[in-house]
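Colleague: I'd like to go over a predicted model; first the sequence, then the structure.
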Amino acid sequence: MTTHLMAKSTVALGKLATLTAIASALVAAPAWAQHYPVSAAQKQTASDVAQKGVPLSELAANAPERYTVKSGDTLWAISRLYLKSPWRWPELWGMNLADIKNPHRIYPGQVLVLVRKDGMASLKVEGDQASTEPPTVRVSPRTRYEMLSDSALPTLKSHIIEAFLAEPVVVDEAGLQAAPRIVSALESRVLITRGDRAYARGPDNAPLLDDQGKSQLFRIFRDATPLKDPNTGEVLGYEAHYVGKAVLVRGEGTSDVENRDGSKSADFVPATIDVVGAKEEIRVGDRLLPEPPRQMQTYIPHAPDTKVDGRIVSVYGNAVTNAGQNQVVAINMGTADGMDPGLVLAILKDGARVVDRTEGSPSPMKLPDERNGLLMVFRTFERVSYALILEITDGVRVGDRLVNPRQ
């Protein structure tokens, strides 16, 4: 059996990137996609802060003096350990700018040390040796080897949002209805799941044909649910419900069939597909959309430059209106409203409407809206965006307000 090499403390990890790398690149894709540059403005901010560090008042109340990065950590979670506002990654990076060669990488096994001096804070990395990348580790007698850089931490838990990076979640309702559809399952099964074979056909003007030169992958969707603005009731777009993935085995065609009277006719033969992934049971009538090229997206957390006042439109993949931590929600703002990947917004819980009975006649009043958590935008459309709930204190509901995180 080939030995899979993990990043352990007994292995030289090369350069120990500082915590300033923690929030510098919020990456939802695998480690091979973590080679994105940092903007000139971000570098300048980090450079300015590097001259003096970060005020102690900006540190989180329980910021650890030492922290060893573990497998399964995320950059966002570690950033939150040290700063009150984890989206302020340039300041984190600036704490120890001289040590950073590639601010998009941090690895399990690295030890971060918090230094407090003259009312300011900085982060150092335990150890004296440094290099740009961890070394290649080789073992005998096997010849397999791999880079320890493949263990670089993602910013968010990538499995939660990975499907959204390729799914055309918000679609045109008419476009979805015109997409190829599943028309039958093997042995007339009602429900289809991973490993099953099924049959599909495209519209008359665009049959589902086999391209012998390459494998054709499709995403499987159901319905097109309207996303309505909670304030106005206006339809902002249509959300296609993702249920699985399939590969095309054979394209559509015809088959000569001999009739009872001895004559022959050409009957239609649907395309053959194999289901290679299923989020839930797939049904006859579900639609197929081509899988787009994989996107390599990096997420740099930042607060909005202008005032934001939005609402949560829906909880993805759920019939209920409540959402918890690490769930995906749709919001009523998109690129037309200045949304972009990495934007951090605060969630406000509506204050209850109560009656004051403490003196005189009862009088109605509304309690103040209270901050309930944070979310991060990771995919945008023109008028709708998808965001991941990063932290909450209570359940998030459809209709909850979204504002600037510093409010």
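Modeller: Great, that's in hand.
Colleague: name the element residue 333 belongs to?
Modeller: With elements taken from DSSP states H and E, nothing contains residue 333; it lies in neither a helix nor a strand.
Colleague: And the helices in the chain?
Modeller: Secondary structure of the chain, counting by DSSP state H: helices at 40-50, 75-82, 89-94, 158-161, 173-177.
Colleague: hang on, residue 64 packs against residue 114?
Modeller: Yes: the pair formed by residue 64 and residue 114 meets the contact definition of Cβ atoms under 8 Å, at 6.8 Å. C-beta here means a position set from N, CA and C on the backbone, and glycine is covered the same way.
Colleague: average pLDDT across the longest strand along the chain?
Modeller: Determined from DSSP state E, the single longest strand within the chain is strand 235-250. Strand 235-250 shows an average pLDDT of 89 in the prediction.
Colleague: likewise stretch 107-121?
Modeller: 82.
Colleague: I'd like to know which elements the longest strand of the chain is packed against.
Modeller: Using 3 or more Cβ pairs under 8 Å, 6 or more residues apart in numbering; DSSP states H and E as the contact criterion, the secondary-structure elements in contact with strand 235-250 are strand 170-171, helix 173-177, strand 197-201, strand 217-228, strand 271-278, strand 287-290.
Colleague: ranking those by mean pLDDT, which is last?
Modeller: If the helices and strands packed on strand 235-250 are sorted by mean pLDDT, helix 173-177 sits at the bottom with a mean of 77.
Colleague: Now that helix: buried residues?
Modeller: For helix 173-177, a neighbour-count test (16 or more other Cβ atoms under 10 Å) marks residue 176 as buried.
Colleague: again with stretch 215-224
Modeller: For stretch 215-224, using 16+ other Cβ under 10 Å, the buried residues are 216, 217, 218, 219, 220, 221, 222, 224.
Colleague: Would you mind pulling the contact partners of that stretch?
Modeller: By Cβ atoms under 8 Å, 6 or more residues apart in numbering, the list of residues contacting stretch 215-224 from outside reads 166-168, 171, 173, 176-177, 179-180, 182, 210, 238-248, 273, 275-276, 282-283, 285-291.
Colleague: Mark which of these are buried, thanks.
Modeller: 166-168, 171, 176, 179-180, 182, 238-246, 248, 273, 275, 282-283, 286-289, 291.
Colleague: if we can go back for a sec, and the helices and strands packed on strand 235-250: which comes nearest residue 331?
Modeller: strand 217-228 (9.6 Å; Cβ to Cβ).
Colleague: Let me know the angle separating the closest one from strand 271-278.
Modeller: For strand 217-228 against strand 271-278, the angle between stretch directions is 70 degrees (axes from the mean of the first three to the mean of the last three Cα atoms, to 10 degrees).
Colleague: Each with direction, which strands does strand 217-228 pair with?
Modeller: Within its sheet, and counting by DSSP bridges, strand 217-228 is paired with strand 235-250 (antiparallel), strand 287-290 (antiparallel).
Colleague: okay, these in TSV with distance to residue 329 next?
Modeller: Formatted as TSV, the entries for the strands paired with strand 217-228 read as follows, by distance: least, Cβ to Cβ, whole Å:
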stretch	distance to residue 329
strand 235-250	11
strand 287-290	22
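Colleague: residues contacting the nearest residue to residue 64 once chain neighbours are set aside?
Modeller: The shortest distance from residue 64 to any residue that is not its chain neighbour, by Cβ to Cβ, 6 or more residues apart in numbering, is 6.2 Å, and that residue is residue 81. When contacts are counted by Cβ under 8 Å, 6+ apart, residue 81 touches 60, 62, 63, 64, 67.
Colleague: With residue 335 instead?
Modeller: Contact partners of residue 335, counting by Cβ under 8 Å, 6+ apart, are 380, 381, 382.
Colleague: quick one, what contacts the spatially closest residue to the second one that is not a sequence neighbour?
Modeller: With Cβ to Cβ, 6+ apart as the measure, residue 170 is the residue that lies nearest to residue 381, at 4.6 Å, once sequence neighbours are left out. Counting by Cβ under 8 Å, 6+ apart, residue 170 makes contact with 227, 237, 238, 239, 240, 381, 384.
Colleague: Relative to residue 272, how far out is residue 170?
Modeller: With distances defined as Cβ to Cβ, to the nearest Å, the gap from residue 170 to residue 272 amounts to 30 Å.
Colleague: repeat for residue 333
Modeller: Here the criterion is Cβ to Cβ. By it, residue 333 lies 42 Å from residue 272.
Colleague: try residue 308
Modeller: Computed with Cβ to Cβ, the distance linking residue 308 and residue 272 is 48 Å.
Colleague: for residue 263, same thing?
Modeller: In terms of Cβ to Cβ, residue 263 sits 27 Å off from residue 272.
Colleague: Below-threshold pLDDT in this structure: ranges please.
Modeller: Low-confidence segments of the chain (pLDDT under 70): 1-53, 89-106, 125, 127-159, 162-163, 165-168, 212-213, 293-298, 317-321, 407.
Colleague: got the domain boundaries for it?
Modeller: 19-159, 167-290, 303-403 (automatic domain parsing).
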